[in-house]
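# only geometry, no sequence info:
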């Protein structure tokens, strides 16, 4: 599946893309973030201006995204919003039951499409539930249900979905050592994990790293490209 990243942009506009989410989206670690790869690929391939705005806040739930909708998305009027949310909603301390989580996703979709904006839902990468169960057993028990809810809402709302979890889960089951090489902790990726996510999202948009500097890019991204190829083979 691919998605036209520019379909709501007018001819002479600069593309505006917002990544809307929690700590999976927030830029808080060194190295390139997955959203940086999307920006780099778009600008290298299209050779056009674009505003790529990271609006991730650690600890956020769907309630929080709705609360800050007006002062961020309404203000920014993006052409595309990429939403990655749910890892905190499934935390029982946050008090966002599954049905409310689904309703919140519906409401986010309604409000975003009312702006004339495209929306893409993403699942998380696979979480390391074996390690998460030691500290947060209920959260570990619930996270898969919340990820399935994203899939269900994407289908119900006819919304594009990037299902990282399904790809990473196969890797986790097949080669836990490689999987854990991409994880900072049970719920967050490191720089390598960000690279692999970014490379997969670039594919979703039908973009490339950039032909003019392809050798430089491939050298920098070599480890991520190898793991991406591994994921592709497991998905076949």
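Okay, I see it. Quick caveat, the model's predicted, so the values are computed rather than measured.

# okay, now the unreliable bits of this structure?
Applying pLDDT under 70 to the chain picks out residues 1, 210-214.

# which residues does the biggest helix by length in it contact?
Ordering each helix of the chain by length in residues (DSSP state H) puts helix 137-156 first. The contact list for helix 137-156 (CB atoms under 8 Å, 6 or more residues apart in numbering) reads 86-87, 89-92, 98, 101-102, 105-106, 109, 121-124, 127, 129, 132-133, 159-161, 163, 165. To be clear about C-beta, it is placed using only N, CA and C from the backbone, and glycine gets the same treatment.

# and the buried ones among those residues, selectable in ChimeraX?
Selecting only the buried entries of these in ChimeraX, with 16 or more other CB atoms under 10 Å as the criterion:
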select :86,87,89,90,91,101,102,105,109,121,122,123,124,127,129,132,159,160,161,163,165
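
# from the contacts of helix 137-156, which ones fall inside helices?
98, 101, 102, 105, 106, 109, 129, 132, 133, 165.

# distance between stretch 10-26 and the chain's centre?
Taking CA atoms, centre = their mean, to the nearest Å, the mean C-alpha location of stretch 10-26 is offset from the chain mean by 11 Å.

# what comes up buried for it?
In stretch 10-26, counting by 16+ other CB under 10 Å, buried: 15, 16, 17, 18, 19, 20, 21, 22, 23, 24, 25, 26.

# show me where this structure has strands.
Remark: strands assigned in the chain by DSSP state E are 15-21, 50-56, 80-84, 118-122, 161-162, 183-185, 188-189.

# mind checking which of those is nearest residue 223?
Distance to residue 223, taken as CB to CB, is lowest for strand 188-189 among the strands of the chain, at 13.6 Å.

# how about residue 116: what's its closest non-neighbour residue?
residue 8 (6.5 Å; CB to CB, 6 or more residues apart in numbering).

# tally of neighbours for the one you found?
Per other CB atoms under 10 Å, the neighbour tally for residue 8 reads 16.

# what about it, distance to residue 16?
9 Å (CB to CB, to the nearest Å).

# over to residue 66?
Residue 66 is 20 Å from residue 16, by CB to CB.

# try residue 109
On the measure of CB to CB, residue 109 and residue 16 end up 18 Å apart.

# beta-bridge partners for residue 185, please?
Note on residue 185: beta-bridge partners by DSSP bridges are residue 188.

# could you do residue 162 as well?
Here residue 162, judged by DSSP bridges, has bridge partners residue 122.

# contacting residues for it?
120, 121, 122, 123, 200, 201, 204.

# then residue 94?
61, 63, 88.

# same deal with residue 96?
Residue 96 neighbours (CB under 8 Å, 6+ apart): 61, 62, 63, 88, 89, 90, 104.

# just name the closest of these to residue 76, please.
Of the contacts of residue 96, the one sitting nearest to residue 76 (CB to CB) turns out to be residue 62, at 18.8 Å.

# quick check: closest non-adjacent residue to the closest one.
Nearest-residue entry for residue 62: residue 104, 3.4 Å, with adjacent residues in sequence omitted and distances by CB to CB, 6+ apart.

# tell me how many other residues surround the one you found.
Residues near residue 104, counting by other CB under 10 Å: 21.

# residues contacting it?
Per CB under 8 Å, 6+ apart, neighbours of residue 104: 61, 62, 63, 65, 66, 89, 96.

# okay, the closest residue to the third one other than its chain neighbours and residue 40: tell me how far apart.
Nearest in space to residue 63, with sequence neighbours left out and distances taken as CB to CB, 6+ apart, is residue 96 at 6.1 Å. With the distance defined as CB to CB, residue 96 ends up 34 Å from residue 40.
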